[in-house]
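In: Here is my input; please provide its structure:
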Amino acid sequence: MSGELKPLVVIVGPTASGKTALSLSLARHFNGEIVSCDSVAVYREIEIGTAKPTREERAMVAHHMIDVVSPDEEFTAGEYARRARQVLCEISGREKLPVVVGGTGLYLRALLEGLFPGPVRSDALRERLRAQSQKKGPGYLHRVLARMDRAASERIHANDESKILRAIEVCLAARAPMTEQWKHGRDPLRGYRTLKLGLTPPREQLYERINERARTMFDRGLVEETQHLLDRYGARAVTPLKSLGYRQATQLIAGELTRDEAIAAAQQGHRNYAKRQMTWFRREKGVQWLEGFGDSPEVEREAVRAVLRFLL
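Out: Now for the predicted structure:
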């Protein structure tokens, strides 16, 4: 791994596409360590609904940026980038290959391209916006953001209150769309040359895997885990409990959905999320796309060849 620029491999793709399997294969093949790029996997005690690598898989290869904060802590893309960059430096310092893997596009962008220096969080402004949202009903904040920054509203899900509030906060502070501000003042990752591999499995087969994964989460005790989190943290765990699966389990506990309705809603939510992930990653420059799932032997061989060419 000599040379001025250190090698870095990135694996992206939609949920349930086999990113974990491929990352394990490449890390073992090329003496690497894995850096998770997932906005829910960073939380401790959030297990069943995250599809984190199993403890057996983590024992095979060193993993980083998993279980780093408590469910009641706020964790931003900027904080992820700061910590993950330090991890990359440590992995490269051990003469190992860092393999970044995950489906959170904003976290990956923060890591590789950096984020603009946005304004300080304003709790007073957020409380006013939340009060307005309660009066105006669901979707109000997302509509406000759409008027201020159409591009940002298309990238942020209508149910992701935390990101919507931050985007509105940034727009108001600068009196300009957040997406325009992204173009200025970034601090890109330096010292690395990057190979980006993307997984694009057949849609129908992907949806079948997504549906089965969502159903299995409920069978494995997602509702019970959610109840434990509610009992222990309550509203303080609002960010992870709004993620897919946990949101539907919370609605089930509250009596808003039956078990079958909760599973169906989680399945639909994950399928929609997969679509948004592919839209995001298709915009990512320089991705070498692999047609199939990451646990396919053919895809694995193609990925190994791509990494070998990259390292030569």
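
In: ranges for the strands of the stretch 1-150 of the chain?
Out: 6-12, 32-36, 63-64, 97-101 (DSSP state E, counting those that start in this stretch).

In: Show me what the third one pairs with in its sheet, parallel or antiparallel.
Out: If you go by DSSP bridges, strand 63-64 pairs up with strand 32-36 (parallel).

In: Likewise for the first one?
Out: Based on DSSP bridges, the pairing partners of strand 6-12 within the sheet are strand 97-101 (parallel), strand 192-199 (parallel).

In: Can you point out the buried residues in the last one?
Out: It stands for strand 192-199. 192, 194-199 (16 or more other Cβ atoms under 10 Å). Just so you know, the C-beta spots here come from the backbone N, C-alpha and C atoms, and that holds for glycine as well.

In: any chance of the strands paired with strand 6-12 in TSV, plus mean pLDDT and distance to Gly49?
Out: Below are those laid out as TSV (pLDDT from 0 to 100; distance: least, Cβ to Cβ, whole Å):
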stretch	mean pLDDT	distance to Gly49
strand 97-101	98	18
strand 192-199	98	21
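
In: could those strands go into a markdown table alongside distance to Phe30?
Out: Converted to a markdown table, these look like this (distance: least, Cβ to Cβ, whole Å):
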| stretch | distance to Phe30 |
| --- | --- |
| strand 97-101 | 5 |
| strand 192-199 | 11 |
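
In: who's in contact with stretch 50-57?
Out: 15-16, 20, 24, 34, 36, 38, 40-41, 43, 63, 66-67, 213, 243 (Cβ atoms under 8 Å, 6 or more residues apart in numbering).

In: Nearest to Glu224, out of the strands of the stretch 1-150 of the chain?
Out: strand 32-36 (24.4 Å; Cβ to Cβ).

In: Contact partners for Asp72?
Out: 233, 236-237.

In: now with 10 Å?
Out: If a contact means Cβ atoms under 10 Å, 6 or more residues apart in numbering, then Asp72 has 43, 229, 232-240 as its contacts.

In: Out of these, which comes closest to Leu252?
Out: Leu229 (13.6 Å).

In: Can you get me a residue count around the closest one?
Out: By other Cβ atoms under 10 Å, the residues close to Leu229 number 22.

In: mind checking the SS state of the closest residue in space to it that isn't next to it in sequence?
Out: Leaving out its chain neighbours, the residue that sits closest to Leu229 by Cβ to Cβ, 6 or more residues apart in numbering is Ala237, at 5.2 Å. Three-state call for Ala237 (DSSP: H, G, I helix; E, B strand; the rest coil): helix.

In: A strand includes His228, no?
Out: No. Using three-state DSSP, the assignment for His228 is helix, not a strand.

In: For the closest residue to Leu22 other than its chain neighbours, give its distance to Leu26.
Out: Distances taken as Cβ to Cβ, 6+ apart put Gly294 closest to Leu22, at 3.2 Å, once the chain neighbours are dropped. Counting by Cβ to Cβ, to the nearest Å, the gap from Gly294 to Leu26 is 9 Å.

In: and for these two, which residues touch both?
Out: 11, 101, 197, 300, 303.

In: biggest separation within those residues, which pair?
Out: Across those (Cβ to Cβ), the longest gap, 13.8 Å, separates Val101 and Glu300.

In: of those two, who's got more company?
Out: Val101 (27 against 21).

In: and the helix or strand hosting Arg232, average pLDDT?
Out: Arg232 belongs to helix 222-233 when assigned by DSSP states H and E. Helix 222-233 comes out with an average pLDDT of 95.

In: Was I right to think Leu106 contacts Ser39?
Out: Yes. Using Cβ atoms under 10 Å, Leu106 is in contact with Ser39, at 7.6 Å.

In: Figure out how far the helix or strand hosting Gln268 is from the centre of its chain.
Out: If you go by DSSP H and E, Gln268 is part of helix 259-282. Distance, stretch centre to chain centre, for helix 259-282: 13 Å (Cα atoms, centre = their mean, to the nearest Å).

In: which helices and strands sit right next to that helix?
Out: strand 6-12, helix 105-113, helix 150-155, strand 192-199, helix 203-219, helix 222-233, helix 246-253, strand 287-290 (3 or more Cβ pairs under 10 Å, 6 or more residues apart in numbering; DSSP states H and E).

In: swap the cut-off to 8 Å and go again
Out: Counting contacts by 3 or more Cβ pairs under 8 Å, 6 or more residues apart in numbering; DSSP states H and E, helix 259-282 is packed against helix 105-113, helix 203-219, helix 246-253.
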